[in-house]
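# Provided below are the primary sequence and the corresponding predicted coordinates.
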Amino acid sequence: MTSIANNEKIPNNVDLASDKRLQRALEEWQPRFIDWWKEMGPEGFQEDNIYLRTAVSVEPDGWAHFDYVKMPDYRWGIFLTEPVKDRTIGFGDHFGKPVWQQIPGEYRNALRRLIVTQGDTEPASVEQQRLLGQTCPSLYDLRNLFQVNVEEGRHLWAMVYLLHTYFGRDGREEADALLERRSGTDDKPRILGAFNEPCEDWLSFFMFTYFTDRDGKYQLLALSESSFDPLSRTTRFMLTEEAHHMFVGETGILRVLDRTCELMKKDPNEDARAQGAIDLHTIQRYINRWFSVSLDLFGGEVSSNAASFFAGGLKGRAKEERYEDHIALEATMNIPVMKDGRLVDDHVPLRNAMNEVLRGEYIEDSQRGLDKWNRLIKEKGVDFELKLPSSRFNRQGGLYAGLHFDPSGRLIDRAEWEARKHEWLPTESDKVFIKSLMTHPIYEPGKMANWIAAPKHGIKGRPVEFEYVRRSG
Amino acid sequence: MAENNAPQPPVRFETHPSQYKHWKLSFDGPIARLAMDVQEDQGLKPGYPLKLNSYDLGVDIELSDAIQRVRFEHPEVTCVVVSSAKDRVFCSGANIYMLGMSSHAFKVNFCKFTNETRLGIEEVSRESGVRFLCAINGPCAGGGYELALACDEIYLSDDGSSAVSLPEVPLLAVLPGTGGLTRLVDKRKVRRDLADVFCTLAEGIRGPRAQQYNLVDKVAPRSKFKDVVESRAKELAGSSSRNTKWQGLALAPLGAKYRDDGADYEHVSLTVDASARVAKIVVRAPKTATPDNASAIRELGNKLWALECFRELDDALLNLRFNYETVGLIVLETEGDPAMVLSSDAALDKNRDDGFVHEVLLYQRRVLKRLDLGARSLFTFVREGSCFVGTLFELSLASDRTYMRDDPDAESPPYVQLSAMNRGSFPMSNGLSRMQNRFLYDPEKAQKLSESPERFDPSAAVKAGLVTVAPDAIDWDDEVRLAIEERASLSPDALTGMEASLRFAGPETMETKIFARLSAWQNWIFTRPNATGPRGALTMYGRPERPEFDMRRT
Ligand SMILES: [Fe+2]
Ligand SMILES: [Fe+2]
């Protein structure tokens, strides 16, 4: 047995110990991954002991093993949800046939593209967040940041496992390239736009985990329907981890709002900023930005790629079993398109509209958090309601890119956009203000930065003031 | 995709950099920059947005014009950098929806024109020393990569997303229509198995591997890309052999007068008889002698007959091609004093070293090639008052048949005569002069005849094999009428194939391969059910269903 194919080092349920090919591929790739992690992972904390959850098996007690670990020693593992017996293809032209354990040649390139695109987002988000530790609002949050980071690292492993196992030399090259691209660089940017956006402050981090990780959730849900069974099983396991990322986002924003409302009430003018909290308008602008950036990740409203992914059974709808018609050849979807300067409903064949179907589900799901946040604002006696902007607002891709819409979705001209965009999107002065709140880290166990409320509970039954991160010195 | 049969305004081929919609042409000393910036809503016809720098005929007409301007107006230019003005895409090729909406005839003519433009790029590089550097900053697919292939060198930005691809086979079940496959192995000499991998990979190849395969000449990181391209452009400009010692000539508008049934120009008339499916092109000789010194020739500029007349002929041929699809036969006639044609020939021959004259001769060569490649039957009628001599005799040599009227009572009986211009100034696509091509069975005869100063009267011309037949005055009218009517009755497809096979004898060149494969393989595949049948891949493109193939190999 080689050093790497060791269940201790790389926990797995893919029988790595007897898979020579995978061993060999991982032996080369794993050191590169560690190098990448040290270079691009959280900066300044690699020697610290972090109270992290590590997945050591797919059993209910195995995937949530908690202990202190230094991040570079984290045991990134390879887990697939247990196979569903006699699973059949759930949608598209091959509906009802047995799922594939190997990739059909016809779909090799398309599947590779899907996996690479998904895989690229995982290390990208680690890169985007690598400086955040230096301004953490508490040890609790710092630990959550690192938990998210190591799991994104594991998601990368999951995609690399598929590339190494099923795509031969091309797959190995793509796996290497995943470590070569760098978020936000000119030369080797990450594939998708939102993953090249800087995530420089903690409000952005919470927005990212709430909105952008939720895109991840929906992409994973759609891929977990795939006819390619290993992809389906891998993504199903990743979804369990993704849920925690969104929890970090949702509760993070909730705690910010909690603190904001509390401090507003203390201020004679209800001025949050005067009290060193983040005002609600700024929070709304951050929502507008991160929501619209995340919507772009779903791809064009009308897409021949989406149609062929669905037709081939490569990527379905989230929870496909809830739909009645799994062939989706007859149905259409109404999508407003620009004609002669106004929006007119176009009947788009449903298969071509699959990106929009997924985006619709995502929007609905995103609203749930806003409802909770608004309930809190109301409970606190503040008269304000956070809203999701229209899906046409501030789009860089798809049908509405290059046009201007206000947050309600009304078409406006460029002049109005230029005159009012500061009302709708974070301004330079917003960013300067947010940064002024987050100038240094809080390392004292249990202490919170002024702009955020403490969480209700700690982690795994530990108190909030538990030392979630043991600084190395 | 339904064919768009609504009446469309005719396509016009004259444009000017000030009117370009889709290209930005700028000049910086010896370097010209040609940046593609296709306006989505400015397609030549309605119904297909030109997304992602995809192109239609209108885009290519401007490209063709731009290269013409570099040739004539900017002798100082020794390197052209082709790039995209768009941020995230280089060029995604010919617009698929445009192709889907077009008639087969239009598609073929469109491909033919784009091929001629790309061959024109290679010609200006080879013959005039203007080096082309293609700087690919973004995805470059199909026709986009074929444009790159026409350039001398291809640089690719290594940014993780810029890729070159020929996705026609895997995505659309057709072939690249602008010589992509041929140039890959013939010109760039990409190894055949690697080319096979490349041509079946819809997403294409990026970065260093593209260079390993020799699909591109160099890759450079995005942050350095501009500088690397810039410095290579300077090197190429410096290494050029172009004759830059002449004053450029601003090409003047042609002033064509278009009619429903043709057009009139200074030296050319085009008249279409739609019901008979016959077009007549009359080319007139210069009215005066051409001065034989370079400065006087340049003084004539736009009014130099050899230039003006061939620009007009070019426009007439394109007009015929695109706006009169059903015309099957072109009758070529000439009028005027043969001595004036010979005077023009002698003047150009004497001043071949002059940069301007050089470009004029190359231009005439391209127009004559356009005539060869027109996919219409060509008959030349030589009669009293005609001037099929020298350069204009090339029209006859390009024809499928030449009829010469033999009328001993005529006041000035017609004759044909050769000049220096028939000795290789105007090679065909196969690299042969039209005389060599005609007398492939006796190369010495071709040589001797083209050096002979003799005036061939009808019987001598028949005897020498310079014309097909010389009916006498009594038979002439019937003879030509029957020939025209008989031609009109034959299948246009069969005639196109037959004529192309007979016209290009002798060796194959990259150029002949490109056109032959366009007409044979590409057009055949285009009309097969696997591409354009109700379940064909091209029909299904962008639709929710997947294509179905008839799996029998033919
Ligand atoms: Fe992830
Ligand atoms: Fe995540």
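On my side now, so go ahead. Numbers count the residues shown, from 1 in each chain, chains lettered A, B, ... in the order given. Ligands and ions are numbered 1, 2, ... in the order given.

# low-confidence regions, the chain specifically.
Since no chain was named, I'll use chain A. Across chain A, residues meeting the criterion (pLDDT under 70) sit at A:1-8, A:473.

# hmm, no, I was thinking of chain B.
For chain B, the stretches with pLDDT under 70 are B:1-7.

# how much space between the residue positioned nearest the centre of it and ligand 2?
The residue lying closest to the centre of chain B (Cα atoms, centre = their mean) is residue B:116, at 2.8 Å. For residue B:116, the distance to ligand 2 equals 53 Å [Cβ to the ion, to the nearest Å]. Yep, even glycine has a C-beta here, placed from its N, CA and C like the rest.

# the closest residue to that residue other than its chain neighbours: neighbouring residues, count only.
With sequence-adjacent residues excluded and distances taken as Cβ to Cβ, 6 or more residues apart in numbering or on different chains, residue B:116 is closest to residue B:370, at 6.4 Å. Other residues lying near residue B:370 total 19 when counted by other Cβ atoms under 10 Å in any protein chain shown.

# for the helix or strand that contains residue B:370, packing partners?
Assigned by DSSP states H and E, residue B:370 belongs to helix B:355-372. Here helix B:355-372 touches helix B:57-73, helix B:104-128, helix B:294-300, helix B:305-323, helix B:338-350, helix B:390-398, going by 3 or more Cβ pairs under 8 Å, 6 or more residues apart in numbering or on different chains; DSSP states H and E.

# quick one: closest of those to ligand 1.
Ligand 1 sits nearest to helix B:57-73 of all the helices and strands packed on helix B:355-372, at 41.6 Å, using Cβ to the ion.

# ok, and for the helix or strand that that closest one is followed by, which residues are buried?
Moving toward the C-terminus from helix B:57-73, the next helix or strand (DSSP H and E) is strand B:79-84. Buried positions in strand B:79-84, judged by neighbour count with 16 or more other Cβ atoms under 10 Å in any protein chain shown: B:79-84.

# can you check stretch B:211-224 too?
Applying 16+ other Cβ under 10 Å to stretch B:211-224 flags B:211, B:213, B:215-217, B:219-222 as buried.

# would you mind measuring from the residue nearest to residue B:69 when sequence neighbours are not counted to residue B:65?
For residue B:69, ignoring the flanking residues on the chain, the nearest one in space by Cβ to Cβ, 6+ apart is residue B:17 at 6.2 Å. With distances taken as Cβ to Cβ, to the nearest Å, residue B:17 is found 8 Å from residue B:65.

# those two: who's more crowded?
Legend: neighbour count by other Cβ under 10 Å for residue B:17 and residue B:65, higher for residue B:65 (21 against 15).

# mind checking how far the more buried one is from residue B:311?
12 Å.

# burial check on residue B:505, number of neighbours?
Counted with other Cβ under 10 Å, residue B:505 comes out at 15.

# please report how far residue B:431 lies from residue B:398.
Taking Cβ to Cβ, one finds residue B:431 at 15 Å from residue B:398.

# these two - which one has more neighbours?
Neighbours per residue (other Cβ under 10 Å) separate residue B:431 from residue B:398, with residue B:398 holding more: 24 against 16.

# doesn't residue B:368 make contact with the more buried one?
Yes: look at residue B:398 against residue B:368 with Cβ atoms under 8 Å: they come within range, at 6.1 Å.

# which neighbours do those two share?
Counting by Cβ atoms under 8 Å, 6 or more residues apart in numbering or on different chains, the contacts common to residue B:398 and residue B:368 are residue B:434.

# just list the residues touching the residue in the stretch 51-200 of chain B that ligand 2 sits nearest to, thanks.
Proximity of the stretch 51-200 of chain B to ligand 2 (Cβ to the ion) peaks at residue B:160, 21.3 Å away. Contact analysis of residue B:160 by Cβ under 8 Å, 6+ apart lists A:177, A:181, A:188-191, B:206-207.

# give me the number of residues near residue 324?
As the question left the chain open, I've gone with chain A. Neighbour count of residue A:324, defined by other Cβ under 10 Å: 5.

# that was the other one, I meant chain B.
Residues near residue B:324, counting by other Cβ under 10 Å, number 19.
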